[in-house]
Every structure is written in structure tokens, then in C-alpha cells.
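Participant: Provided below are the primary sequence and the corresponding predicted coordinates.
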Amino acid sequence: MTTGTPHDLTIAEVRLTPILVSDPPLLNTQGVHQPYTPRLIVEVVTADGITGVGETYGDTQYLELARPFAERLPGRRVTDLGGLFALADEVAVDRSRAGGRLDVGGLRGVQTADKLRLSVVSGFEVACLDATGKALGLPVHALLGGKVRDAVEYSAYLFYRWADHPEGVASEKDDWGAALDPAGVVAQARAFKERYGFRSFKLKGGVFPPEEEIAAVHALAEAFPGHPLRLDPNGAWSVETSLKVAGELGDVLEYLEDPALGTPAMARIAEESGVPLATNMCVTTFAEIQEAFTRGAVQVLLSDHHYWGGLRNTRELAAVCRAFGVGVSMHSNTHLGISLAAMTHVASTVPGLHHACDTHYPWQSEDVITERLVFRDGTVAVPDGPGLGVTLDRDRLGALHERWLADDGGLRDRDDAAAMRVADPGWTTPTVPRW
Ligand SMILES: O=C([O-])[C@@H](O)[C@@H](O)[C@H](O)[C@@H](O)C(=O)[O-]
Ligand SMILES: [Mg+2]
């Protein structure tokens, strides 16, 4: 093709590659991360041979939607992003697999068929944007209207964790060591700061009784004066417990994240404690916004382009938040570099992003791109090359796909409770509130 000739942006082929990526033994209120986590890598190839990449959840229920969705794409244009949603509605969801609130989506709020669809759409939307950007020679942020910052700040995502997965479980090792008490949490935070320069710290809570987690946050506040701190028990507490924690930590927290489940509980905690509340569980759809925002249940909405349906929806969400005077930041789950690039592009375009975004990325030692994104002073520089600015590493992708193919041990679906039962056979997913 000669310079200046318009590209044929028709989708000629779509490739879906489910993979298993190594994950450390991070603890949360439901259990512990499995040694490998499923992700789905989406490739959209145009008639001119330009390939765009996207990444989303890879559990079976997402794959079952992604496959028929992918079959409907050839012949459409990568620029037809609005059409992706109508197309997703045509794909049937097995509701019996999508209804449980504490299933694979339990830490992300109530799971519904529509949310599953949006998470699938997000992977394709990002791949289409990447292909369009590559065809036009423009970065994805330019396709979203343009960046308003050159770097996006992320927070260190601290987890209580074991040094290793239980004995006998196949896994990759890392050098982080265990963190099971305030001293361990502070040491982990120090390592995050030294390695990546993070200035904000978020501790995943709901693991130990609240007094222990309060002590850990006090230890962080003492070790890192002036650094924004957050605590997120994923809705594991009652309103009374949440108020007690808020009372003890109100002075040192930037915000408390999902202390309890549901808008009524969050509204009461926010009103009675005066501590800002953030969520990635209480409000995860546009339909839930009005009640939560008008009742003052949420002061910071944690967007996530995966389950809000992509980068353009994330921008719309940010605009709604702005209209209500609600702050915006970003939630994350186990993810790789394609998603971090997507998160960074969209975050770079959102005005008034006053809170560092979450990312699990430092916990991921494996990736499917040739050059991993790097954190400097806790930020990721916004890529300015065409598309997302990342290149797929086919060898790595193939190796991680081989691992997925070889799995017959139930790792194709994230199940933190099952992983915990390996160490503690009597473990069941705790009922909520846990404390
Ligand atoms: O990775 C985890 O264990 C987190 O708990 C994750 O699943 C949550 O979705 C998330 O990070 C959160 O902020 O709630
Ligand atoms: Mg959260």
C-alpha cells in the first residue's frame, strides 16, 4: 500500500487466545489467588493485515460469549465501535452460569449477563481501537479525544500474601516473600516504593479481623507520612464494623473502598462517618449510578474498562461522575500489559483524575508483549506510538496458551476459594458480612 492510500478497515479475521498467566498467592476475603489466572487475548486483523490486540477476562463463561461474538465480526469495520454493543446483545448468555454473586465475579459486585457481555466487548473494543490507531498512525488516546496528561499515576496494590503457593501446587516463584502482619505489609510497601516509585498505597483487606488491618494501615501511615492510603475489604464488613474502622482510620485514609455491600449500607457509612468511600462493587453499571450518587453512597467511582464495556464507556462514566461531583479512579484485576496500556491511554484522557489508579501489573511476572510497560515515580508514561503502543510477543503468547491447553486442574476458571482449600480443606467462601 502506498502512503496516503486509505486502509481497508474491514475486519478479515479474529483470533482468540485463552492463556493462563502466573499469579502469586495473594489473599482476599474469598480465599487466595490460584497459581495461574485465565486471560483472553483478542486479535482483530483488518483486510490490509493490520492486527489490533485486546485483553479481557479468560474464564470459561467469558470465552463462551467471546467465541460466537468473534464469529460475527468479519465484514464489519474496526471503526464501528458502537455496533459492538448491539452485536453483543445477539450473543446468548447461559444465565445459570452468570447469576451467582460470589462466583468468579464476586469481588467485582453482582455478576449479570449484561456485565459479562460488556467485559467481552471491552476486549474487542480495545483491539479495534488498536487496529484503527495503527492504520491511521495515531495513538489510542488521540482516537479518544486526546490526552490531557503525559503520565498516569498508579498506586501500589498491597496484598496480604504467602511467600509461596501451597506445597505440591505447580507455580512460578517470586521474590516478594510473605506479608501477613503490619510489619510484612510495610516491608511490601517499601519494596513497591523502591522498585516502582509508587506514592499511593492500597491494602487489600477483608482477610484478617478488622483490628489487624487497622493496625496495618496505622503502620503504613507511620512509615509513609503524607502518602495517600486506601483499604479495601471487598464488602466483608457490616455497617457497624465499617463505622468502627472508619472512626479509627478516618484521619489517615484517602478513602475507604467497599467497606460493606450495597448502596444502602454504603450511604449510611458515608453519612455517619464522613470518610470518603470508593467502590468497584456497589456501582458497576450505569443503571446503578443514580441511586448511589443521589444517596451519597460513593465519593470515588473506580472505573474499569473491562467491565464498563471499554474505553469509550469509561470516558462516559467519568463524565457522569463529573456531573455528580463524584471523583473517579480505576480498579484493576489480574491483568497484563495490553490492559495496562489500554488503562493508561484512557486514563490519560480523563480530566480531573485526582486519585492514582489501581493496577495488579507489578504482581504479574509474565506478559504477552515484547516490552513490558514500566513504572517511573509510580507513573506510566502515556504511549504515543500508533495504537496502544505495544507489540504482541507470539512466542510468549503461544507458551501461555500451551499452559491453558494443558490444564486439567480447574485453573481455567478463577476460583479463589478452591485455591484456599488446597491449604485449608475446610475453607468455604465466607458469608457476608464476615465481620
Ligand atoms: O485480585 C484480588 O484479589 C482483588 O480482590 C480483585 O479481585 C478485586 O476485584 C479488586 O482488586 C478490588 O479492588 O476489589
Ligand atoms: Mg475494590
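Facilitator: Nice, thanks for sending it over. Ligands and ions are numbered 1, 2, ... in the order given.

Participant: Below-threshold pLDDT in the protein: ranges please.
Facilitator: 1-5, 93-110 (pLDDT under 70).

Participant: Break it down into its structural domains.
Facilitator: The record, using automatic domain parsing to delimit domains, assigns the chain the ranges 11-137+394-406, 142-381.

Participant: Take these and lay them out in CSV including distance to ligand 1 and mean neighbour count.
Facilitator: To be clear about C-beta, it is placed using only N, CA and C from the backbone, and glycine gets the same treatment. Shown next, in CSV, are the domains of the chain (distance: least, CB to the nearest ligand atom, whole Å; neighbours: other CB atoms under 10 Å):
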stretch, distance to ligand 1, mean neighbour count
domain 11-137+394-406, 4, 20
domain 142-381, 5, 20
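
Participant: Distance to Asp416 added to those domains, as CSV?
Facilitator: Compiled in CSV, the domains of the chain are given as follows (distance: least, CB to CB, whole Å):
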stretch, distance to Asp416
domain 11-137+394-406, 4
domain 142-381, 11
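
Participant: And those domains: which comes nearest ligand 2?
Facilitator: Closest approach to ligand 2 among the domains of the chain (CB to the ion): domain 142-381, 4.2 Å.

Participant: is that closest one anywhere near ligand 2?
Facilitator: Yes. Using CB under 5 Å from the ion, domain 142-381 reaches ligand 2 at Asp232, Glu257, Asn280.

Participant: got a list of what the nearest residue to Lys204 once chain neighbours are set aside touches?
Facilitator: Counting by CB to CB, 6 or more residues apart in numbering, the nearest residue to Lys204 once its immediate chain neighbours are dropped is Phe159, at 4.8 Å. Contacts of Phe159 were listed using CB atoms under 8 Å, 6 or more residues apart in numbering, and they are Pro24, Leu26, Leu27, Asn28, Ala179, Gln188, Leu203, Lys204, Trp363.

Participant: Out of those, which sit inside strands?
Facilitator: The strands, defined by DSSP state E, take in Leu27, Asn28, Leu203, Lys204 from those.

Participant: Could you save the residues you listed as TSV and add columns showing distance to Gln34?
Facilitator: Compiled in TSV, those are given as follows (distance: CB to CB, whole Å):
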residue	distance to Gln34
Leu27	12
Asn28	12
Leu203	21
Lys204	16
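
Participant: Quick one: classify the residue sitting nearest the centre point of the chain as helix, strand or coil.
Facilitator: A centroid search over the chain (CA atoms, centre = their mean) returns Ser332, at 2.1 Å, as the residue closest to the centre. Secondary structure of Ser332, reduced to three states by DSSP: H, G, I helix; E, B strand; the rest coil: coil.

Participant: Same question for the one 10 residues further on.
Facilitator: Following three-state DSSP, Ala342 is assigned to helix.

Participant: Pull the contacting residues for the closest residue to it other than its chain neighbours.
Facilitator: Nearest-residue entry for Ala342: Val126, 4.7 Å, with adjacent residues in sequence omitted and distances by CB to CB, 6+ apart. Contact analysis of Val126 by CB under 8 Å, 6+ apart lists 42, 52-55, 140, 305, 310-311, 338-339, 342, 388.
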